[in-house]
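Student: sequence below, structure please.
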Amino acid sequence: MKKVTIQDVARELNLSRNTVARALNNSDTVAYETRYMVIEKACEMGYLKVSPSALNEFKLHANRSERKTVLVLARREISVFWNSIIMGISDMLNQNGCRLRFDFVSEEEERRLILPIDFSEETDGVILISVFSKEYLREILKRGLPTVCLDFSESVGKAEYPVDIVISEGTQSVRTITGHLISQGLTRIGFVGDISYCRSIHDRYTGYMEALGEHGIVPQADAVAVRHVPGRYYVEAEIQEYLDGIREMPEAIVCANDVIAMLVVKGLRARGLSVPGDVAVTGFDNQEELSRIDAFLTTVRVGNTRLGKRLACQLFFRLQHPELPRETVVVDTEVIFRDSSKKFIGK
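Tutor: Residues are numbered from 1 along each chain as shown. Model (predicted):
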């Protein structure tokens with residue numbers, strides 16, 4: 001094989017032999033970008049006499065240029081539940097040599113369409129772990145960055161917003177929970193969750209309705225609360241209003257998540273009703289901070305760290321394949337049966 005010379009490298013780059021020689025010696029008399037271009041070409045052609053200082057600089061430059069920066073955005077409602085998702089994202093980004101930037105978005109910033117300052121810095125991709133308004137999402141997408149969302153607003157037409165979505169499975173798991181209640185002979189079963197907020201809540205409601213339909217059960221209308229409310233039923237007053245509006249208390253209430261379920265349990269107990277003796281209650285998400293307080297709630301384990309890792313993996317895929325169709329990834333869940341759904345326990 002012919003030995004590669006400085007002249008060969010110079011000819012390939014259409015540069016003078018003198019310029020290439022100085023670049024290979026890492027001389028400051030040659031512009032930085034030219035030096036990098038020459039060193040890259042010399043290494044590619046197999047030239048063996050690159051100075052150690054120039055070679056080290058080339059390696060540092062290459063590592064900097066390949067390292068991706070990912071911005072994670074969330075509303076100011078972080079809890080242990082969200083922290084474990086962020087940990088999963090962080091673990092996967094670290095394993096792949098990526099930088100993580102994290103920013104909170106306040107209600108005022110979302111309303112005024114103010115993006116975090118990190119958008120003005122070098123960012124390669126975005127992960128949204130909160131469901132933002134369609135106006136704010138549109139503002140984010142104006143930057144043209146690959147974007148992956150945890151869940152998605154039901155009010156947004158997905159075709160208009162080029163994002164990938166990662167979501168935890170909800171239809172089958174809530175169908176299983178509702179079927180478990182029905183198998184105990186229960187027929188008056190309520191549901192609580194703002195289905196207009198996001199797809200995951202809507203999916204859980206779908207599972208509830210499918211289970212009732214499979215058994216020919218008509219929902220108890222005044223025990224079903226799915227309309228939009230300001231606090232999305234995460235506010236005690238909204239749960240109190242829901243319970244006050246029920247003429248005959250149902251035998252069970254399926255809740256869209258654990259936060260709602262614990263508010264329902266609190267409201268029932270305030271009315272002198274026991275759970276599950278008088279009313280069975282179920283949740284979703286297996287939130288650690290709630291289960292440590294009162295670990296009796298039938299729920300669904302999402303595996304939040306795993307979910308965070310899957311969000312990061314989907315962003316890697318999109319960075320590598322921007323031309324492929326957008327995807328919705330559904331991550332499997334696990335139903336956890338506890339005492340709160342065992343209506344006739346102790347009887």
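
Student: Ile89 - nearest residue in space that isn't next to it in sequence?
Tutor: Nearest residue to Ile89, sequence neighbours excluded (Cβ to Cβ, 6 or more residues apart in numbering): Gly308, at 4.2 Å. (Glycine included, C-beta is placed from N, CA and C.)

Student: quick check: the gap between that neighbour and Leu324.
Tutor: Gly308 sits 23 Å away from Leu324 when distances are taken as Cβ to Cβ, to the nearest Å.

Student: Arg101: which element?
Tutor: Arg101 is part of strand 99-105 when elements are defined by DSSP states H and E.

Student: now the helices for this structure?
Tutor: 6-13, 17-24, 32-45, 52-66, 80-95, 107-111, 134-141, 171-183, 199-214, 236-244, 258-270, 288-293, 304-320 (DSSP state H).

Student: that older thread, tell me which of Gly308 and Leu324 has more neighbours.
Tutor: Legend: neighbour count by other Cβ atoms under 10 Å for Gly308 and Leu324, higher for Gly308 (27 against 10).

Student: now do the contacts for the more buried one.
Tutor: Applying Cβ atoms under 8 Å, 6 or more residues apart in numbering, we find Gly308 in contact with Ser84, Ile85, Ile86, Met87, Gly88, Ile89, Ser90, Asp91, Met92.

Student: closest to the centroid, which residue in this structure?
Tutor: Leu150 (2.8 Å; Cα atoms, centre = their mean).

Student: could you chop this protein up by domain?
Tutor: Following automatic domain parsing, one finds the domains of the chain at 6-66, 69-169+304-331, 171-302+334-341.

Student: so which of the ones you listed is the most packed in?
Tutor: Here the criterion is mean neighbour count by mean count of other Cβ atoms under 10 Å, and of the domains of the chain the winner is domain 171-302+334-341, at a mean of 19.

Student: what is the end-to-end distance of that one?
Tutor: 18 Å (Cα to Cα, to the nearest Å).

Student: for it, give the mean pLDDT please.
Tutor: Throughout domain 171-302+334-341, pLDDT has a mean value of 93.

Student: mind checking how far it is from the chain centre?
Tutor: Distance of domain 171-302+334-341 from the chain centroid (Cα atoms, centre = their mean, to the nearest Å) equals 23 Å.

Student: now stretch 305-324
Tutor: Taking mean C-alpha positions (Cα atoms, centre = their mean), stretch 305-324 and its chain are 11 Å apart.

Student: same check on stretch 95-115?
Tutor: Here the centre of stretch 95-115 is set off from its chain's centre by 13 Å, with Cα atoms, centre = their mean.

Student: what's that stretch in contact with?
Tutor: For stretch 95-115, the external contacting residues (Cβ under 8 Å, 6+ apart) are 66-76, 78, 86, 89-90, 93-94, 116, 118, 121, 123, 130, 132-133, 135-136, 139-140, 143, 312, 316.

Student: mind checking the helices of the chain for the one nearest to Val163?
Tutor: Of all the helices of the chain, helix 134-141 sits nearest to Val163, with 7.3 Å by Cβ to Cβ.

Student: check what pLDDT Lys347 gets.
Tutor: Per the predicted model, pLDDT is 44 at Lys347.

Student: actually Asn25, not the one I typed
Tutor: Value for Asn25, per-residue pLDDT: 84.

Student: quick check on the nearest residue to it once chain neighbours are set aside: phi, psi?
Tutor: Using Cβ to Cβ, 6+ apart and skipping residues adjacent in sequence, the residue nearest Asn25 is Ser51, 5.0 Å away. Note on Ser51: backbone dihedrals following degrees, to the nearest 10 are phi -60, psi 150.
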